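Undergrad: After the sequence you'll find the predicted model.
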Amino acid sequence: MTPIRDLDRYLAEWLEEGPDRAPDGPIEESIAHARRSPRRPDPFAIFRGDAMDRSGLVIGLRLAALAALLAIILAGLAIAGSGGFRNGNGLSLVPTSASPTTPPATAVARPSPASPSPASPSPASPSPTLCPEIVPQSLLGAWSVFITGTEQTSGAGAPPGTWVMTFTACRVQLANVGMTPLPWQTPAFSSTQLTLPPDPTCAYQIGAPSSGIYRFNVTATTLTFTKVSDSCPGRAITLSAHPWHRQSQS
Amino acid sequence: MERQLVEQAAKGDPEAFGVLVRLSSNRLFAIAYRILRDHHRAEDVLQQSLIAIWDDLPRLRDPERFEAWSYRVIVRASVAAARHERRAQFVDLRSSDRDSTEPDQLRSVDQRDELERCFQQLSPDHRAVLVLHHFVGLSLAEIADVLGVPIGTVGSRLHYAVRILRAAIEADTAGVSATEQRA
């Protein structure tokens, strides 16, 4: 036998020998498989690693992210199940399908007062078609006000920022822009006075829950509230700290 | 060109995948054959790998790395098949040891057969490194990327594989010489 002096070269030459053309069978079969297996959207794609990742750390981080997401979802469900998120002044930020004080739909009101308001329309938006006309015509539409953080003291609890109040023919809704709007409520009116239902969820309630009673003064572009009485300080500050400015008209 | 095909195939275009497969399957089959040293098993591994490539292609973030990734898929499938083969061959090797006492058979072995036998005695991981380095022509860093192991591991595998191969060939050569002398 001839001794193998240059094994590397000899090995390379030896490896060059052998088939270099793939048989057609596997190629055709894989293409047929591709045609039979169309891609479907993968909701967990973000958690799947790069096929060329080699790091176990990357996989670990993805698993940790998945676990964190699951924990957040479960916590959210648990909080929602225990009565909903509060915004600090007790005004529920979880929409309900309809206000518990929803009046029976009896009379035909004005056409949709709907909401081109800056706050996104509430998912709990009431039917715009049937309800008694209790809201003065001059209030219909959307109004906004900006409440600063110092105005909403910790004692009041309502979140600062831009608030939007939307009046329809028979209901009113408050919404802090960027948050889930509060449930629609059915107000009561006299010529210059607005009465809002008691808010038992108010976190900093003063005494027993009572209605929020406000005098109002409306012009073409501004709406001003003056508190008469309200057991919910957050609501009182939000409504009466500054004049509200008209955003849209019904 | 290939990048476009990879992107289209990842989005679910079977025609693009077909072109891609025809472009790369010869190379993949050649790698599988050289690790396994068996045409039929290499064919099976190729089919299995091409299907895996279609299924997992959306997970390949960088289309430029398709070639390296396809090498990884075929090498892993080949190594797995070779491991299975080695377990299945264990009994056969022992039975062939009994036959190898025939001096005529030893005399008929030339260098290529000798290399073939010694190569198959290597572990599948060592075979894979030899094939990627000496046949595909990848650097140690590229092999490390393909196999997903540290470059030091690749270096030691390559060194060990060549050393074992050389020792096995020299031992085989010495054994044949001794048999010839006895004869």
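TA: Great, that's in hand. Residues are numbered from 1 along each chain as shown, chains lettered A, B, ... in the order given.

Undergrad: where do the helices sit along the chain?
TA: I'll assume chain A. Counting by DSSP state H, chain A has helices at residues A:7-16, A:24-36, A:56-81, A:233-240.

Undergrad: nope, chain B please
TA: Under DSSP H, chain B gives helices at B:2-11, B:14-36, B:39-56, B:66-99, B:103-107, B:111-121, B:124-130, B:140-147, B:151-182.

Undergrad: Packed most tightly, which of those helices would that be?
TA: helix B:124-130 (a mean of 23; mean count of other CB atoms under 10 Å in any protein chain shown). Where C-beta positions appear, they are placed from N, C-alpha and C, glycine not excepted.

Undergrad: what's it packed up against?
TA: Applying 3 or more CB pairs under 8 Å, 6 or more residues apart in numbering or on different chains; DSSP states H and E, one finds that helix B:124-130 contacts helix B:14-36, helix B:66-99, helix B:140-147, helix B:151-182.

Undergrad: mind running it again at 7 Å?
TA: With contacts taken as 3 or more CB pairs under 7 Å, 6 or more residues apart in numbering or on different chains; DSSP states H and E, helix B:124-130 sits against helix B:14-36, helix B:66-99, helix B:151-182.

Undergrad: Can you say which of those helices is nearest to chain A?
TA: Chain A lies closest, by CB to the nearest CB, to one member of these: helix B:14-36, at 3.6 Å.

Undergrad: Out of the helices of chain A, which gets the lowest mean score?
TA: Sorting the helices of chain A by mean pLDDT places helix A:56-81 lowest, at a mean of 75.

Undergrad: Let me see the contact set for the residue sitting nearest the centre point of chain B.
TA: Nearest to the mean C-alpha position of chain B, counting by CA atoms, centre = their mean, stands residue B:35 at 2.0 Å. Applying CB atoms under 7 Å, 6 or more residues apart in numbering or on different chains to residue B:35 gives the contacts B:78-79, B:82, B:124, B:127-128, B:131.

Undergrad: again with residue B:37
TA: B:116, B:120.

Undergrad: Please determine how far it is located from residue B:120.
TA: 6 Å (CB to CB, to the nearest Å).

Undergrad: now do residue A:208
TA: In terms of CB to CB, residue A:208 sits 89 Å off from residue B:120.

Undergrad: Likewise for residue B:22?
TA: Counting by CB to CB, the separation of residue B:22 from residue B:120 is 30 Å.

Undergrad: Check residue A:232 too.
TA: From residue A:232 over to residue B:120 (counting by CB to CB), the distance is 84 Å.

Undergrad: Kindly report the same for residue B:169.
TA: Residue B:169 is 13 Å from residue B:120, by CB to CB.

Undergrad: ok, and the helix or strand in chain A with the lowest average confidence?
TA: The weakest-scoring helix or strand in chain A, judged by mean pLDDT, DSSP states H and E, is helix A:56-81 (a mean of 75).

Undergrad: err, chain B, not the other one
TA: Each helix and strand of chain B was given a mean pLDDT (mean pLDDT, DSSP H and E); the minimum falls on helix B:103-107 at a mean of 40.

Undergrad: per-residue confidence at residue A:142?
TA: So, for residue A:142, pLDDT stands at 92.

Undergrad: Likewise for residue B:99?
TA: The predicted local confidence for residue B:99 is 41.

Undergrad: Equivalent analysis for residue B:91, please.
TA: 38.

Undergrad: Equivalent analysis for residue B:169, please.
TA: 76.

Undergrad: any idea how far residue B:122 is from it?
TA: For residue B:169, the distance to residue B:122 - CB to CB - is 12 Å.

Undergrad: do residue A:161 as well
TA: 70 Å.

Undergrad: out of the two, which sits in the busier spot?
TA: Just comparing residue A:161 and residue B:122: by other CB atoms under 10 Å in any protein chain shown the higher neighbour count belongs to residue B:122, 22 against 15.

Undergrad: that older thread, for the residue lying closest to the residue nearest to the centre of chain B once chain neighbours are set aside, give me its contacts.
TA: Nearest non-adjacent residue to residue B:35, counting by CB to CB, 6 or more residues apart in numbering or on different chains: residue B:78, 4.1 Å away. For residue B:78, the contact set (CB under 7 Å, 6+ apart) comprises B:31-32, B:35-36, B:45, B:128.

Undergrad: can you check residue A:216 too?
TA: A:192, A:194, A:223-225 are the contacts of residue A:216 under CB under 7 Å, 6+ apart.

Undergrad: Mark which of those residues are buried, thanks.
TA: When those are checked for burial by 16 or more other CB atoms under 10 Å in any protein chain shown, the buried set is A:194, A:223, A:225.

Undergrad: Run a quick neighbour tally on the closest residue to the second one other than its chain neighbours.
TA: This means residue A:223. Residue nearest to residue A:223 in three dimensions, not counting chain neighbours: residue A:244, with 4.2 Å by CB to CB, 6+ apart. Neighbourhood size, residue A:244 [other CB under 10 Å]: 25.

Undergrad: I'd assumed residue A:221 was in contact with residue A:244.
TA: No - when contacts are counted by CB atoms under 7 Å, residue A:244 is not listed as touching residue A:221 (9.5 Å).

Undergrad: Could you list the domains of chain B?
TA: Domain ranges of chain B: B:2-83, B:104-182, per automatic domain parsing.

Undergrad: Comparing these by mean pLDDT, which bottoms out?
TA: domain B:104-182 (a mean of 82).

Undergrad: before we move on, back to that, now flag whichever of the contacts of residue A:216 is closest to chain B.
TA: Within the contacts of residue A:216, the smallest distance to chain B is 53.7 Å, found for residue A:223 (CB to the nearest CB).

Undergrad: Can you list the residue ranges for strands in chain A?
TA: A:141-147, A:161-167, A:172-176, A:188-189, A:193-196, A:212-218, A:222-229, A:244-249 (DSSP state E).

Undergrad: quick revisit: any chance of TSV for the contacts of residue B:78, columns distance to residue A:249?
TA: Output for those, formatted as TSV (distance: CB to CB, whole Å):
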residue	distance to residue A:249
B:31	74
B:32	74
B:35	77
B:36	79
B:45	73
B:128	75
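
Undergrad: biggest separation within the residues you listed, which pair?
TA: B:45 and B:128 (12.1 Å; CB to CB).

Undergrad: OK, contacts around the closest residue to residue A:29 other than its chain neighbours?
TA: With sequence-adjacent residues excluded and distances taken as CB to CB, 6+ apart, residue A:29 is closest to residue B:47, at 5.4 Å. Applying CB under 7 Å, 6+ apart, we find residue B:47 in contact with A:26, A:29-30.
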